[in-house]
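Asks: task: produce atomic coordinates for the following.
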Amino acid sequence: MIGSGFRSRPDCNRIIDEILAEIPRRSLGLAFVDPQGFEVDFITLSKLARARIDLLYLFPSGIGMKRNMRNQFPVPNSRIDKFWGGRDWRELAEARRIAGITQKIDQDRIIESLVPAFRQKLARAGFTYQDEAAPLFTNTKNAQMYHLLYLSHNDKGLKIWRGIKKVRPGGQRSLPGLD
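Replies: Below is the predicted model of the structure:
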């Protein structure tokens, strides 16, 4: 499991090449990435994008980003830089607000600016077909925690994912056109 955060397990960023070397080139795969924080480097996701591995990814869009951006903003080569795949996250208007460079922080706009920007980076890395699951994952105080992202190389993977999303946790399927 990539990014599980358990110290006894190997660092996914260090062993990704070994894992990918074991997967036949013509096979299709799906990686579930559920980091506790910012353990999974963007370069690791890029390596999955170059392989034929689709990705189901819990992006720490809410509390994780809000809580850490202010502290990480002034740090060169920060943990968020590795997670994001560069320093360009600092140019997002909401990141600048969090860091105190500009004034008003609009919590909803933070999420709205981060998730699309990260998805664009993933598209450039090779995950052309993308979707988000709604609603966002929230905690008991209704604060946004994560976005569940599905990233694929093929429109058929996206079609399968959208079919899966129609099935509710209890097994009930939604009606066509009401999704």
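Asks: does Arg162 really touch Asp131, like I thought?
Replies: Yes. Here Arg162 lies in contact with Asp131, judged by C-beta atoms under 8 Å, at a distance of 6.5 Å. Any C-beta I mention is one placed from the backbone N, CA and C, and that applies to glycine too.
Asks: compare those two (neighbour count), which wins?
Replies: Per other C-beta atoms under 10 Å, whichever of Arg162 and Asp131 has more neighbours is Asp131, with 16 against 12.
Asks: any idea which element that one lies in?
Replies: Assigned by DSSP states H and E, Asp131 belongs to strand 129-138.
Asks: list the buried residues of that strand.
Replies: If you call a residue buried by 16 or more other C-beta atoms under 10 Å, then strand 129-138 has these buried ones: Tyr129, Gln130, Asp131, Glu132, Ala133, Leu136.
Asks: what's the answer for stretch 94-103, then?
Replies: Neighbour count says stretch 94-103 has Glu94, Ala95, Arg96, Arg97, Ile98, Ala99 buried, by 16+ other C-beta under 10 Å.
Asks: tell me the two of those that are most distant?
Replies: With C-beta to C-beta as the measure, no two of the buried residues of stretch 94-103 lie farther apart than Glu94 and Ala99, at 9.7 Å.
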